[in-house]
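Colleague: dropping a prediction and its sequence here:
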Amino acid sequence: MSSKLILSFLKISEKIANCLKAARQTKKVGLITQMESPTGLINLNSVCRQGVEKDHPFRWQAIIFGSDDFLASIGK
């Protein structure tokens, strides 16, 4: 996974954790994300692994495949 993607993921994770702490929330937030590019498809395994780590404040609910955006990004 690219370092830029990991950094972005960690920043989002940290923001979610801070919001949950401020709200005194102890449950994990359900997260629905979208994959819509060739890079996203290549990194999907790594992203999924990051999303199930115990120290993250959320858990994956679903991953949506954005087929129209994916096709546009590959020139179809």
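Modeller: Ah, there it is. Remember, it's a predicted structure, so these values are computed and weren't measured experimentally.

Colleague: show me the shaky parts of the protein.
Modeller: Within the chain, the segments meeting pLDDT under 70 span 1-7, 9-10.

Colleague: now the strands for it?
Modeller: Ranges of strands in the chain, per DSSP state E, are 29-35, 58-65.

Colleague: any idea how far residue 73 is from residue 16?
Modeller: Distance check for residue 73 against residue 16: by CB to CB, to the nearest Å, it reads 27 Å. Yep, even glycine has a C-beta here, placed from its N, CA and C like the rest.

Colleague: show me the contacts for the spatially most central residue of the chain.
Modeller: Residue closest to the mean C-alpha point of the chain, counted by CA atoms, centre = their mean, is residue 33 at 5.6 Å. Residue 33 is in contact with 47, 51, 60, 62-64, counting by CB atoms under 8 Å, 6 or more residues apart in numbering.

Colleague: if we use 7 Å, what do you get?
Modeller: By CB atoms under 7 Å, 6 or more residues apart in numbering, residue 33 lies in contact with residue 63.
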